[in-house]
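Trainee: using only what follows, build the 3D model:
(one chain, ligands or ions: 1)
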Amino acid sequence: MCGIIGYTGKKEATDILIDALELLEYRGYDSAGIALSDEAGGEPRLLKRAGRVKDLRELCAESDVSGKCGIGHTRWATHGGVCDENAHPHRFGRVTIIHNGIIENYRELIEKYGLEHKLCSQTDSEIVAAVLNRFYEKDPYAAIRKTVLKLKGTFALAIMFDDIPGKIFAVRNVSPIVAASTEDGAILSSDVAAIAPFTSQYFVVPEFHVVCLSEDGIEMFDLSGDKARIDWLTVDWDVSRSDKGGYPFYMEKEIMEQPQVIQDTVMPRIKDGRPDFSAEGIPDSILSECKRICVIACGTAMHAGLVGKSLIQAMIGIHVDVVMASEFMYNDPVVDKETLVIAISQSGETIDTLEALKFARKCGSPSISIVNVKGASIARASEYVIYTCAGPEIAVASTKAYTTQLAVLYLLTARMAVARGLWDDGKLSAYMEELVRVPKVMEEVLARKDEIHHIADTMLNARDVFMIGRGLDYSILLEGSLKLKEVSYIHSEAYASGELKHGTIALITEETPVIAVVTQDKLKSKELSNIKEVQSRGAKVILLIKGEERLEQEKIWNRIFRLPVMADEFMVMPASIVLQLIAYYVSADKGLDVDKPRNLAKVVTVE
Ligand code: F6R
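Mentor: Predicted coordinates for the structure are as follows:
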């Protein structure tokens with residue numbers, strides 16, 4: 001959480017920093033700030049305020065600041081409320097910093113260094129500037145080394161010293177920093193998206209390494225002061241994909257991109273009609289020898305894992321647990337060398353998922369991660385990584401990352417079947433043909449977005465919404481319900497339809513819209529009976545059903561959306577698009593900030 005940017009070079013830095021902060025705003029939007037200095041050095045100019053980056057932009061315009069070296073921050077508040085004083089950058093003595101992460105021992109440090117009445121904010125971050133200032137005696141590396149050794153917790157820090165003009169230092173533990181040289185200087189950020197407009201070559205700063213950015217480029221040292229080698233990576237997405245492309249919100253754009261990104265994720269991994277992970281170096285043995293699978297992930301990524309569980313259990317016949325990464329450590333996890341751990345994460349930085357993965361690896365579990373951001377911490381911490389090719393996902397609510405995660409899980413299931421010799425050629429080719437058809441089917445659904453918009457209209461004034469289904473349909477709805485609540489602020493619950501009558505049906509009234517999904521042939525009659533139970537209590541039911549078959553009493557449905565037909569296990573793809581668009585239209589029509597729902601941040605790097 002929190003977005004970080006730093007630039008030093010020949011150009012004026014203000015706009016570079018503010019433009020980048022606007023791109024990084026999805027990491028947190030409680031406050032924003034920059035610090036700028038010029039060639040002469042000295043105390044940098046600090047501009048910061050609670051509110052959005054656009055407010056900071058106005059402040060900068062009013063203040064007429066300039067400078068060619070600067071750092072900027074957009075905050076998701078953890079310690080200390082949302083106010084100007086708690087906004088970053090923080091300054092102490094000759095040191096100015098921005099911080100992403102949590103300094104767990106900040107109280108101890110305040111006491112140890114007698115800083116109780118010397119700090120201006122309530123944050124855990126300002127203390128880092130104070131400790132750096134205490135240790136700083138002309139050698140920035142020594143000060144950083146000594147400070148870092150005192151810190152407990154996670155941090156990505158960008159640092160400016162008053163008497164070292166034109167240079168930005170950075171160091172990190174867990175929280176990410178990427179850096180790059182530009183034509184006229186150097187840049188660093190918490191996200192590749194912010195540096196991609198400047199260069200296609202970048203690197204991930206390794207943990208506990210210090211980088212120094214100057215007009216002449218970048219140097220990197222380990223904590224013992226030895227020069228370290230930089231491992232360069234290439235940005236693999238088109239920068240134009242980081243803008244809204246004419247859509248009012250990123251969320252809509254990202255929903256519309258799904259046919260393309262599914263294609264980009266799936267097609268390079270099919271060779272001669274068979275799923276293929278040779279480019280990732282994944283040996284079949286890891287898929288054929290495991291006795292169990294444990295998926296660890298959070299939120300939407302965990303919902304993708306639940307679909308994966310249904311697929312793998314049904315098609316491969318091995319047991320799959322899907323564990324909320326935030327709960328993993330607290331339930332005495334039983335994972336061992338026979339348990340394949342699959343970590344799923346769009347950002348690749350979710351700390352709960354990262355910690356759970358590290359724990360599982362210590363227990364000897366083989367691991368594969370499914371990650372969207374190249375070089376991210378989770379990708380680096382796992383034995384093998386499969387990148388989803390969703391491109392930058394900017395809207396806080398995940399859409400295209402989710403369906404590309406599903407696409408990888410479909411491929412993995414098929415490869416597992418091949419590795420275990422479970423399917424004959426006919427079964428494999430029918431499955432693969434269906435997978436290849438997904439983008440086209442998604443396009444058919446997207447072409448009917450006006451119809452989906454009308455469905456969304458019926459929910460605009462709802463206070464509560466229920467979503468009901470069984471089996472795979474229930475998994476789809478867990479994600480559909482999360483989408484609706486996070487972007488529209490309507491309370492929504494996904495419920496296994498057979499479970500409803502064990503208590504929750506008491507909440508169903510004429511005022512409660514119910515979305516029912518019926519896509520699984522073997523569950524259809526049971527699901528339709530469960531739907532009748534809520535209709536009898538007055539609920540207005542919106543039905544998403546596979547195919548064109550006529551239903552009894554069509555008039556009793558509030559709305560029916562007929563989904564294009566795919567094999568049952570693939571119906572999650574078209575159904576998810578409808579649910580994503582419903583959430584999107586409800587939010588947009590309520591006039592909400594669809595891309596930046598309140599209280600949320602795109603990358604969750606605090607436990
Ligand atoms: C919801 C959403 C979140 C994320 C979750 C995990 O739309 O995006 O629930 O899925 O915070 O994030 P990643 O996938 O980055 O680990």
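Trainee: what residue ranges in the stretch 401-550 of the chain score low on pLDDT?
Mentor: Counting by pLDDT under 70, the stretch 401-550 of the chain has no low-confidence residues at all.
Trainee: kindly report the residues of it close to the ligand.
Mentor: For the stretch 401-550 of the chain, the residues found near the ligand under the criterion C-beta under 6 Å from any ligand atom are 482, 486. Every residue, glycine included, has its C-beta placed from N, CA and C.
Trainee: ok, the chain next?
Mentor: Taking C-beta under 6 Å from any ligand atom as the contact definition, the chain meets the ligand at 298-301, 345-347, 350, 353, 397-398, 482, 486, 604.
Trainee: just the residues you listed now: which is nearest Arg380?
Mentor: Closest to Arg380 out of the residues of the chain next to the ligand is Ser345 (12.0 Å), distances taken as C-beta to C-beta.
Trainee: for this structure, which residue gets nearest to the ligand?
Mentor: Among the residues of the chain, Gly299 lies closest to the ligand, at 1.9 Å counting by C-beta to the nearest ligand atom.
Trainee: my guess is that residue meets Leu482, correct?
Mentor: Yes - counting by C-beta atoms under 8 Å, Gly299 sits close enough to Leu482 to count as a contact (6.7 Å).
Trainee: so where do the strands sit in the stretch 251-400 of the chain?
Mentor: Taking DSSP state E, counting those that start in this stretch as the criterion, the stretch 251-400 of the chain carries its strands at 270-271, 274-275, 292-297, 319-324, 339-345, 367-371, 384-387.
Trainee: dump those strands to JSON lines, plus mean neighbour count, distance to Val441 and mean pLDDT.
Mentor: Putting those into JSON lines (neighbours: other C-beta atoms under 10 Å; distance: least, C-beta to C-beta, whole Å; pLDDT from 0 to 100) gives the following:
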{"stretch": "strand 270-271", "mean neighbour count": "13", "distance to Val441": "17", "mean pLDDT": "98"}
{"stretch": "strand 274-275", "mean neighbour count": "18", "distance to Val441": "19", "mean pLDDT": "98"}
{"stretch": "strand 292-297", "mean neighbour count": "26", "distance to Val441": "25", "mean pLDDT": "98"}
{"stretch": "strand 319-324", "mean neighbour count": "18", "distance to Val441": "25", "mean pLDDT": "96"}
{"stretch": "strand 339-345", "mean neighbour count": "29", "distance to Val441": "23", "mean pLDDT": "98"}
{"stretch": "strand 367-371", "mean neighbour count": "27", "distance to Val441": "22", "mean pLDDT": "98"}
{"stretch": "strand 384-387", "mean neighbour count": "21", "distance to Val441": "23", "mean pLDDT": "98"}
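Trainee: any chance of those strands in a markdown table, with distance to Asp332 too?
Mentor: Written out in a markdown table, the entries for the strands of the stretch 251-400 of the chain read as follows (distance: least, C-beta to C-beta, whole Å):
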| stretch | distance to Asp332 |
| --- | --- |
| strand 270-271 | 40 |
| strand 274-275 | 34 |
| strand 292-297 | 13 |
| strand 319-324 | 12 |
| strand 339-345 | 14 |
| strand 367-371 | 19 |
| strand 384-387 | 26 |
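Trainee: and what about Val171, helix, strand or coil?
Mentor: Three states are possible here, and by DSSP: H, G, I helix; E, B strand; the rest coil the one that applies to Val171 is strand.
Trainee: where's Glu533 relative to Phe466, distance?
Mentor: Distance, Glu533 to Phe466, by C-beta to C-beta, to the nearest Å: 12 Å.
Trainee: next one: Pro597
Mentor: From Pro597 over to Phe466 the distance is 21 Å, taken as C-beta to C-beta.
Trainee: which one of these two is surrounded by more residues?
Mentor: Counted by other C-beta atoms under 10 Å, Pro597 and Phe466 do not tie: Phe466 has more neighbours, with 26 against 20.
Trainee: in which helix or strand does the closest residue in space to that one that isn't next to it in sequence reside?
Mentor: Here the nearest residue to Phe466 in space, its sequence neighbours aside, is Val514; by C-beta to C-beta, 6 or more residues apart in numbering that works out to 4.7 Å. Under the criterion of DSSP states H and E, Val514 resides in strand 513-518.
Trainee: kindly export that strand (C-alpha atoms) in PDB.
Mentor: Once side chains and other backbone atoms are set aside, the C-alpha atoms of strand 513-518 remain, and they are given as PDB (Å, rounded to 0.1, in the frame of the first residue of the first chain):
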ATOM      1  CA  PRO A 513     -32.900  -8.400  -5.200                       C
ATOM      2  CA  VAL A 514     -31.500 -11.900  -5.600                       C
ATOM      3  CA  ILE A 515     -29.100 -12.800  -8.400                       C
ATOM      4  CA  ALA A 516     -29.200 -16.500  -9.200                       C
ATOM      5  CA  VAL A 517     -26.700 -18.200 -11.400                       C
ATOM      6  CA  VAL A 518     -27.600 -21.500 -13.000                       C
END
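Trainee: buried residues, that strand. List them.
Mentor: By 16 or more other C-beta atoms under 10 Å, the buried positions in strand 513-518 come out as 513-518.
Trainee: can you check stretch 421-428 too?
Mentor: For stretch 421-428, burial by neighbour count (16+ other C-beta under 10 Å) applies to 423, 428.
Trainee: please apply the same query to stretch 42-54.
Mentor: Per 16+ other C-beta under 10 Å, stretch 42-54 contains these buried residues: 44-48, 50-53.
Trainee: how about His88, what does it touch?
Mentor: Under the criterion of C-beta atoms under 8 Å, 6 or more residues apart in numbering, the neighbours of His88 are 2, 31, 33, 48, 73, 75, 97-99, 123, 125.
Trainee: just put the buried residues of strand 513-518 in TSV and tack on distance to Pro439.
Mentor: Formatted as TSV, the entries for these read as follows, by distance: C-beta to C-beta, whole Å:
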residue	distance to Pro439
Pro513	30
Val514	30
Ile515	24
Ala516	26
Val517	21
Val518	24
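Trainee: hang on, isn't Leu579 packed against Lys483?
Mentor: Yes - between Leu579 and Lys483 there is a contact at 6.2 Å, judged by C-beta under 8 Å.
Trainee: looking only at neighbour counts, state which of the two leads.
Mentor: Just comparing Leu579 and Lys483: by other C-beta under 10 Å the higher neighbour count belongs to Lys483, 27 against 24.
Trainee: sec struct for that one, please.
Mentor: The three-state label for Lys483, taken from three-state DSSP, comes out as helix.
Trainee: look up the closest residue to it, ignoring the ones flanking it.
Mentor: The spatial neighbour of Lys483 that comes closest, neighbours along the chain excluded (C-beta to C-beta, 6+ apart), is Ala583 at 3.9 Å.
Trainee: which SS class is that neighbour?
Mentor: At Ala583 the chain is in helix, as set by three-state DSSP.
Trainee: give me the pLDDT for it.
Mentor: For Ala583, the model assigns a pLDDT of 98.
Trainee: contacting residues for it?
Mentor: With contacts defined as C-beta under 8 Å, 6+ apart, the neighbours of Ala583 are 397, 456, 480, 483-484, 486-488.
Trainee: buried subset of the residues you listed as a ChimeraX selection?
Mentor: With 16+ other C-beta under 10 Å as the criterion, this ChimeraX line picks the buried residues out of those:
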select :397,456,480,483,484,486,487,488
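Trainee: in the longest helix seen in the chain, what's buried?
Mentor: Taking DSSP state H as the assignment, the helix of the chain that covers the most residues is helix 425-446. Within helix 425-446, the residues that qualify as buried by neighbour count (16+ other C-beta under 10 Å) are 428, 431-432, 434-435, 438-439, 441-442, 445-446.
Trainee: stretch 589-606 now?
Mentor: Along stretch 589-606, these residues count as buried under the neighbour rule (16+ other C-beta under 10 Å): 592, 594-597, 600-606.
Trainee: stretch 544-554 now?
Mentor: In stretch 544-554, the ones that count as buried by 16+ other C-beta under 10 Å are 544-546.
Trainee: with stretch 55-75 instead?
Mentor: By neighbour count, with 16+ other C-beta under 10 Å as the criterion, the buried positions of stretch 55-75 are 56-57, 59-60, 65, 67-75.
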